[in-house]
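S.K.: With the input below, show me the fold.
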Amino acid sequence: MKGKTYVVGDIHGGLKALIQVLDRATVSKDDTLIFLGDFVDGWSESPAVLDFLIALQHQQKCIFIRGNHDDLLLKWLQNDPEGFDEKMWFAHGGEASALAYQNIDFTTKEKHIHFLQSLQDYYLDDENRLFIHAGFTNLRGVAHEFFTPLFYWDRTLWEMVLAMDNELSKDGLTYPNRLKLYKEIYIGHTPVTKIEETAPVNKACVWNVDTGAAFKGKLTIMDVDTKEFWQSDALPDLYPHEKGRN
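M.R.: Predicted coordinates for the structure are as follows:
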């Protein structure tokens, strides 16, 4: 029996929220889980989130996409100074991760480094649906992107679809070519709470499922085929003595 396919938004160290959404969606071992990245930085359980995901991939099919915060944590764990500003990272959720890792042993850190190195830049399924943390800029698609960190840092894709005229014809000369390449594009990275939304937002062929779990929002899991979704409690309610990225 073919299972369902779910996509999961940005977790940001909120293990309690992750456990909630998997339970509320009644995810089974036959189902495929596609995680859009940013597993860490924000709430206090970043190491525990990675432990949970590492174990989960042995129970069912999981696809793990690289987020910018996952890349930042990897640089910090490896003492890699290139393109890394620890002060800025601390200000954007990294401090919670650094504090949490004070109690993590060397062997576990090595396991986490290996996991973070194994993350995919994107995933393209057999229905031509693209799953990516942030976006891409090349008009011919992800396979042609010159500067690959854009996969987990870009915001132009989301800003473009937000600004588009909904009446713009796909056959028109000014219709963005990036939106003609894939059946659907699933992203996280920029919380929809920034446009005062609390549920996944669909613009053109783009679905944004980052519902602000790093801040005051909830974590979301969505059935890719039916678009039904389930959410956790608001993260500040799950971690009442923490600030997250607020």
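
S.K.: Quick one: residues contacting the closest residue to His12 other than its chain neighbours.
M.R.: In this structure, His12 finds its nearest non-sequential neighbour in Gly42, 3.3 Å apart by Cβ to Cβ, 6 or more residues apart in numbering. (Each C-beta comes from the backbone N, C-alpha and C, glycine too.) The contact partners of Gly42, by Cβ atoms under 8 Å, 6 or more residues apart in numbering, come to 12-14, 69, 93, 96, 213-215, 235, 244-245.

S.K.: just for the chain, where's the confidence low?
M.R.: Within the chain, the segments meeting pLDDT under 70 span 1.

S.K.: Where do the strands of it begin and end?
M.R.: Taking DSSP state E to define them, one finds strands in the chain at 5-8, 32-35, 62-64, 122-124, 129-132, 184-187, 201-203, 206-208, 220-223, 229-231.

S.K.: right, and these - which one's nearest Ala143?
M.R.: Within those, the stretch nearest Ala143 is strand 122-124; the backing value is 8.9 Å (Cβ to Cβ).

S.K.: which helices and strands sit right next to that closest one?
M.R.: For strand 122-124, the packing partners by 3 or more Cβ pairs under 8 Å, 6 or more residues apart in numbering; DSSP states H and E come out as strand 129-132.

S.K.: Adjacent strands (with direction) for the strand it packs on?
M.R.: Each strand paired with strand 129-132, and its direction, by DSSP bridges: strand 122-124 (antiparallel), strand 184-187 (parallel).

S.K.: What lies in contact with the first one?
M.R.: The contact list for strand 122-124, computed with Cβ under 8 Å, 6+ apart, reads 34, 63, 65, 130-133, 136, 142, 151, 182.

S.K.: Tell me how far it lies from the chain's centre.
M.R.: Going by Cα atoms, centre = their mean, to the nearest Å, the spacing between the C-alpha centre of strand 122-124 and its chain's C-alpha centre is 13 Å.

S.K.: How about the last one?
M.R.: On the basis of Cα atoms, centre = their mean, the separation between the geometric centre of strand 184-187 and that of its chain is 11 Å.

S.K.: Just the buried positions in that strand, please.
M.R.: Residues of strand 184-187 classed as buried: 184-187 (neighbour count, 16 or more other Cβ atoms under 10 Å).

S.K.: List the contacts of that strand.
M.R.: If you take Cβ under 8 Å, 6+ apart as the criterion, strand 184-187 is touched by 7, 34, 36, 129-135, 157-158, 179, 205-210, 224.

S.K.: From the buried residues of strand 184-187, pick the one nearest Thr174.
M.R.: The shortest separation between Thr174 and any of those is 18.9 Å, and it belongs to Ile185 (by Cβ to Cβ).
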